[in-house]
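Enquirer: Here is my input, please return the structure:
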Amino acid sequence: MQEYILSEGEAARLKKYIEKKYVNLDSEQRLAIWSDAAHRVIDSRLPSFPDEVKKQLRFELLNKHRDTLVIHQDDALAECLTLDLNQEELLNALTVWVSSRSVIPLDDKGVRDTLKQWSQHSPDMISLKVLVKERSQASEALQLMNESGCAAEETAAAVETATVADFLDSPATAIWKWFVHYQASIVSVTLGCLAAVTILVIRMNSFWNEQPAAEVQSYPSVMEIVLRDIRERESLQRAGGIPDDLHYVKVDKKRLAQFLQDRNSLLAEEPYLSAIIASAKRYDIHPLLLFAITGQEQGFVPKDQKQAKQIANNPFNVFGSWESYNTTIEVSADIAAKTVKNISSRRMRDEHPIQWLNKTYAEDPEWWTGVTWLFNTMRQQIEGKSFEWAK
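Expert: Predicted coordinates for the structure are as follows:
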């Protein structure tokens, strides 16, 4: 997993590419283009917060790291912890982000509790690796306690009469050794991070040496002026994002439920039905498109399918599959709807809107044909309309 939101290498390669491609532009214009591209990279790697929250988060990160232009995932985590995590939407998005950046499966509740605790009482060192290690060790300790059962009571009684030699081999001493080792690991990680940051600062200090320091700090305002023309030119090549047929509309909930019931779908029941519709409304996506995606990905989750309730938590297969990322229907529906919205917003003119989704959403090149057929079928049976795409 990429540890950097924006790494030194990425910043350098991006700068070199822009200088080569836009050789006829002046340095201010090239810097503006670089800034816009960097913003896109950063936004794609931050938690799925509402746009305004993400925009403010990105601004703070760039402002604090303007001298190096390097942003580590721990920098992003620290900034996220300054947000009001009592807001469920923000806490859910951050929990998903933390879990997705861990190679070890994490308990969502444990992650949520740790994030809320850290946001209220910031630890000496905020580190995603430390958080993951803490949660994984907590899970192991809990499992060990559950397995120990009555053995723990017997051990406690034995310690009272044990000799010094016996005590050195006891579970209590093992726990103490682990604690000392854990503290030493934290010190080691802290020193390593400080050394890495020092090196990055030195190496990136001359990164934009052609630009005076004052210009680097003021370039966001320059960017807004220069990119106005760039965005106007780009907009001429785009189809305006999501076409009218894929925007949110209110659907007949009873007819939709009946369509799903006819297919023995678990999604016809609550909370699945309402959660998917709510996410569609929140991100301005046609509800039937989201249900069509569940039809293509999981056949609408038949009730008699093995592990149907687990599959129904993530029938969109966000983050790979329902097996690798099993959350709640509210979270997975939000992620799916926002993903569809973000991908569609970059659709080029004349591109089939669902085929355009296919390029990023699914590996199967024919995924879009199945989704299109299901979406059209659902529209015909529920809305009495057809989905016909004309370039």
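Enquirer: Next one: the residue nearest to A333 when sequence neighbours are not counted from Y272, what distance?
Expert: If you skip the residues right next to it in sequence, A333 has S279 as its closest partner in space, 3.7 Å away by Cβ to Cβ, 6 or more residues apart in numbering. Glycine gets a C-beta too; all of them are placed from N, C-alpha and C. For S279, the distance to Y272 equals 11 Å [Cβ to Cβ, to the nearest Å].
Enquirer: returning to that earlier point: surely the residue nearest to A333 meets V340?
Expert: No. Counting by Cβ atoms under 8 Å, S279 stays clear of V340, with 9.9 Å between them.
Enquirer: wait, N358 sits on P365?
Expert: Yes. Here N358 reaches P365: they are 6.9 Å apart, a contact under Cβ under 8 Å.
Enquirer: Show me which of those two is the more surrounded one.
Expert: N358 (20 against 10; other Cβ atoms under 10 Å).
Enquirer: related to what we said a few turns ago, contacts only, for the residue nearest to A333.
Expert: Taking Cβ atoms under 8 Å, 6 or more residues apart in numbering as the definition of contact, the neighbours of S279 are 285, 290, 330, 333-334, 336-337.
Enquirer: what does S321 give?
Expert: S321 makes contacts with N314, as judged by Cβ under 8 Å, 6+ apart.
Enquirer: now do S100
Expert: Counting by Cβ under 8 Å, 6+ apart, S100 touches 319, 325.
Enquirer: Where does I5 sit: helix, strand or coil?
Expert: When classified by DSSP: H, G, I helix; E, B strand; the rest coil, I5 comes out as strand.
Enquirer: Of all the residues in stretch 48-62, which ones are buried?
Expert: 48-49, 53-54, 57-58, 61-62 (16 or more other Cβ atoms under 10 Å).
Enquirer: and if you look at stretch 78-93?
Expert: Per 16+ other Cβ under 10 Å, stretch 78-93 contains these buried residues: 78-81, 83, 85, 90-93.
Enquirer: Look up the pLDDT of the nearest residue to D84 once chain neighbours are set aside for me, please.
Expert: By the measure of Cβ to Cβ, 6+ apart, the closest residue to D84 outside its immediate chain neighbours is L90, 6.6 Å from it. L90 is assigned a pLDDT of 92 by the prediction.
Enquirer: Tell me how far L90 lies from Q310.
Expert: For L90, the distance to Q310 equals 26 Å [Cβ to Cβ].
Enquirer: Ok, W356 next?
Expert: When Cβ to Cβ is the yardstick, W356 and Q310 sit 30 Å from each other.
Enquirer: Comparing the two, which shows the higher neighbour count?
Expert: Summary of the neighbour comparison: W356 and Q310, criterion other Cβ under 10 Å, with W356 having more neighbours (17 against 12).
Enquirer: How about the contacts made by the more buried one?
Expert: The contact partners of W356, by Cβ under 8 Å, 6+ apart, come to 343-344, 347-348.
Enquirer: taking these one by one, which sit in helices?
Expert: Assigned to helices by DSSP state H, the following of the contacts of W356 qualify: 343-344.
Enquirer: coming back round to it: now the common contact residues for S279 and V340.
Expert: Taking Cβ under 8 Å, 6+ apart as the contact rule, S279 and V340 both touch 285, 290.
Enquirer: Isn't V318 up against Y325?
Expert: Yes. Using Cβ under 8 Å, V318 and Y325 qualify as a contacting pair, with a distance of 6.4 Å.
Enquirer: Contacts only, for L14.
Expert: Neighbour list for L14: 34, 37-38, 41 [criterion: Cβ under 8 Å, 6+ apart].
Enquirer: try I242
Expert: When contacts are counted by Cβ under 8 Å, 6+ apart, I242 touches 284-285, 341, 344-345, 347, 353.
Enquirer: go again using 10 Å as the cut-off
Expert: Contacts for I242 (Cβ atoms under 10 Å, 6 or more residues apart in numbering) come out as 248, 283-286, 289, 340-341, 343-345, 347, 353.
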